[in-house]
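**Student:** With the input below, show me the fold.
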Amino acid sequence: MTLKLCVAQLNFVVGDLAGNAQKIIDAARTAYADGARLVLTPELSICGYAAEDLFLRPAFIAACDDAVKTVARELAGLKGLHVVVGHPQGGDDRTKSVAVQYRFNVASVFCEGQLVAIHTKRELPNYQVFDERRYFTPGQGECVFAVEGVQVGLLICEDAWFDAPAQAAKAAGAELLAVINASPFHMGKGGERVLRMADRARSVALPLVYAHIVGGQDEVVFDGGSFCVNADGALSGRAPSFKENLFFVQAARAQAAIELVASIEPERSLHAELWDALVLGLRDYVGKNHFPGVLLGLSGGIDSALVLAIAVDALGKDCVRTVMMPSPYTADISWIDARDMAARMGVQYDEISILPEFEAFKTSLAVHFIGREEDTTEENIQARIRGTLLMAMSNKFGSIVVTTGNKSEMATGYCTLYGDMAGGFAVIKDVAKTLVFALARWRNANDPYGTGSNPIPERIITRPPSAELRADQTDQDSLPPYEVLDAILERYMENDQSLETIIAAGFAPADVERVTRLIKINEYKRRQSPVGIRVTHRSFGKDWRYPITSKFRA
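**Tutor:** Purely as a prediction, here's the structure:
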């Protein structure tokens, strides 16, 4: 006996219920024609993950119900096909003195148009970017259904990170665990998933199929990479990451046990995975929100160079426009390198001097600034002029401005409100400066999307980084060396280490105090920054929720 099953690793759009339903229908028909009799779609596939406060609207839940019925009806004629559809479900319980609304994260199993099984998610994550207890009620019980003589135990994402749901499914007769998921990407997460699911398979001595979603949704990216493991935890199949895929798995009975066989996509480097995450995150944000393209300020520095390379890989050169806006402090090599990179990438390149506007601002303010030396005020004026020019071009042509600030700058406030922070999407907001350099070198050595090799001029990578807002300025005038800053940032912000622990690890107390103080006092800036792609296990955004007004200091 052999069961052929298919993981429909698809890219859904939150709220596009008709479009998502059609994707599921098309994938199921294709899989059925190829011999599959079980199709797994990801968690909450009918509505996309995560719909956030849309879950609180009864009209949204009702529309999801209608879309699920459409899937069941359209696939009713495919004899013997079982399709697992993820969706929200719920309503009001008016038996109470006060109406209580119950909503569940569920997976429904349909065969020939009929509902044959349903599972309500038991374990609701409420950490990092997850906020499921805000929207859903924990489910109870287990779900086991039969396909082609195989008893399949159904779990939803977090259920499989705990032992009890899988044990309950096995006790109910499951021979194979099918886990549908929506697990956001961060560096290293793919390997962590495989290890945890291998542990789960071994703990219950059952093979396991992990069906995952793919695509960008606001700040999070889902990386696909669906996989399967056998009862001993050995990897037996893996789908490609960061792309849609119909991933077929053969479940064969060997004596009393089920063994899984599928193709195994090779493992990839951290930088290759990270690059794909940034490309997919930008592509889906621009595409799903129907922007015609992106616009960015190209300075001749490393950050804007990296963002330009990501943008061209994500959207193609015809959808990317760059603007160089020199000031009196812009070095000649910045002009040369910006022009060089734009030419290498084949994008539209414009130059707009900000000198007339800068002089006009200084003239208007001169009478009010009498007796005061130039300082960061004049530096910020330059950045804000550039932000205004970019936003004006965005308004006129419709392209979204992508900002070029990195995580190190966001952490320490080395950025200007309404200046270089002005824009609609922050591509490298969660990429520390040291990783910016590493990614630039990786991209120069690799051409994953066929848009050109060595896109970033070597001098952009090797010259000391500078905002070029005053004479002879470098970033290290205001910040510790990036190797030190980023290491402290990772320990303090990402891993919640105490100041004492960081100092004990060998960092200078003055550097630790300086960096952590800058993180604290710049919270107000970060709250006003654009949404950006999350690639670490803790980013500034949903992962980081500190008060702006606070007197506490460690």
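
**Student:** Once you drop chain neighbours, what's closest to Asp276?
**Tutor:** Distances taken as Cβ to Cβ, 6 or more residues apart in numbering place Phe242 nearest to Asp276, at 4.0 Å, with adjacent residues excluded. Any C-beta I mention is one placed from the backbone N, CA and C, and that applies to glycine too.

**Student:** burial count for Arg103?
**Tutor:** A count of nearby residues for Arg103, using other Cβ atoms under 10 Å, gives 16.

**Student:** wait, isn't it in contact with Cys64?
**Tutor:** No: counting by Cβ atoms under 8 Å, Arg103 stays clear of Cys64, with 10.4 Å between them.

**Student:** so what's in contact with these two at the same time?
**Tutor:** Pro88, Gln89 (Cβ atoms under 8 Å, 6 or more residues apart in numbering).

**Student:** related to what we said a few turns ago, need the contact list for the residue nearest to Asp276.
**Tutor:** Val214, Val221, Asp223, Gly224, Gly225, Glu273, Asp276, Ala277, Val279, Leu280.

**Student:** same deal with Ile333?
**Tutor:** With contact taken as Cβ under 8 Å, 6+ apart, Ile333 is in contact with Gly300, Arg459, Arg463.

**Student:** Which parts of the stretch 151-300 of the chain are strands?
**Tutor:** For the stretch 151-300 of the chain, strands defined by DSSP state E, counting those that start in this stretch occupy the ranges 176-181, 208-212, 214-217, 220-223, 227-229, 235-238, 245-254, 257-261, 294-297.

**Student:** what's the answer for the stretch 1-150 of the chain, then?
**Tutor:** Counting by DSSP E, counting those that start in this stretch, one finds strands in the stretch 1-150 of the chain at the ranges 2-9, 38-40, 82-93, 100-111, 114-120, 144-147, 150-156.

**Student:** tell me the domain boundaries of the protein?
**Tutor:** Taking automatic domain parsing as the criterion, the chain consists of the domains 2-267, 272-475, 480-521.

**Student:** what's the closest of those domains to Ser539?
**Tutor:** domain 272-475 (4.2 Å; Cβ to Cβ).

**Student:** Could you give the number of residues near the nearest residue to Gln497 once chain neighbours are set aside?
**Tutor:** Once flanking residues are discounted, Gln497 sits nearest to Arg491: 4.3 Å by Cβ to Cβ, 6+ apart. Arg491 sits with 20 neighbouring residues when counted by other Cβ under 10 Å.

**Student:** Repeat that for Arg321.
**Tutor:** Arg321 has 22 neighbouring residues, counting by other Cβ under 10 Å.

**Student:** so it sits right up against Met345, yeah?
**Tutor:** No: in this structure Arg321 lies outside contact range of Met345 using Cβ under 8 Å: 11.2 Å.

**Student:** can you pull the buried residues of the longest helix seen in the chain?
**Tutor:** In the chain, with assignment by DSSP state H, the single longest helix is helix 376-397. Buried residues in helix 376-397, defined by neighbour count with 16 or more other Cβ atoms under 10 Å: 378-387, 389-391, 393-394.

**Student:** follow-up on the earlier one: okay if I get the strands of the stretch 151-300 of the chain as JSON lines plus mean neighbour count and mean pLDDT?
**Tutor:** Listed next are the strands of the stretch 151-300 of the chain as JSON lines, based on neighbours: other Cβ atoms under 10 Å; pLDDT from 0 to 100:
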{"stretch": "strand 176-181", "mean neighbour count": "28", "mean pLDDT": "98"}
{"stretch": "strand 208-212", "mean neighbour count": "28", "mean pLDDT": "98"}
{"stretch": "strand 214-217", "mean neighbour count": "25", "mean pLDDT": "98"}
{"stretch": "strand 220-223", "mean neighbour count": "26", "mean pLDDT": "98"}
{"stretch": "strand 227-229", "mean neighbour count": "28", "mean pLDDT": "98"}
{"stretch": "strand 235-238", "mean neighbour count": "20", "mean pLDDT": "98"}
{"stretch": "strand 245-254", "mean neighbour count": "19", "mean pLDDT": "95"}
{"stretch": "strand 257-261", "mean neighbour count": "18", "mean pLDDT": "94"}
{"stretch": "strand 294-297", "mean neighbour count": "26", "mean pLDDT": "98"}
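
**Student:** Export the ones you listed as JSON lines, with columns for distance to Glu158.
**Tutor:** Shown next, in JSON lines, are these (distance: least, Cβ to Cβ, whole Å):
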{"stretch": "strand 176-181", "distance to Glu158": "9"}
{"stretch": "strand 208-212", "distance to Glu158": "13"}
{"stretch": "strand 214-217", "distance to Glu158": "18"}
{"stretch": "strand 220-223", "distance to Glu158": "15"}
{"stretch": "strand 227-229", "distance to Glu158": "17"}
{"stretch": "strand 235-238", "distance to Glu158": "21"}
{"stretch": "strand 245-254", "distance to Glu158": "21"}
{"stretch": "strand 257-261", "distance to Glu158": "22"}
{"stretch": "strand 294-297", "distance to Glu158": "35"}
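
**Student:** can you tell me which of those comes nearest to Asp26?
**Tutor:** Proximity to Asp26 (Cβ to Cβ) singles out strand 245-254 among the strands of the stretch 151-300 of the chain, at 10.1 Å.

**Student:** Give me the residues contacting that closest one.
**Tutor:** Contacts made with strand 245-254 from outside it, assessed by Cβ under 8 Å, 6+ apart, are listed as 1-9, 27, 30-31, 34, 36, 149-150, 176, 207, 209, 211, 214, 224, 226, 228, 237, 239, 258-262.
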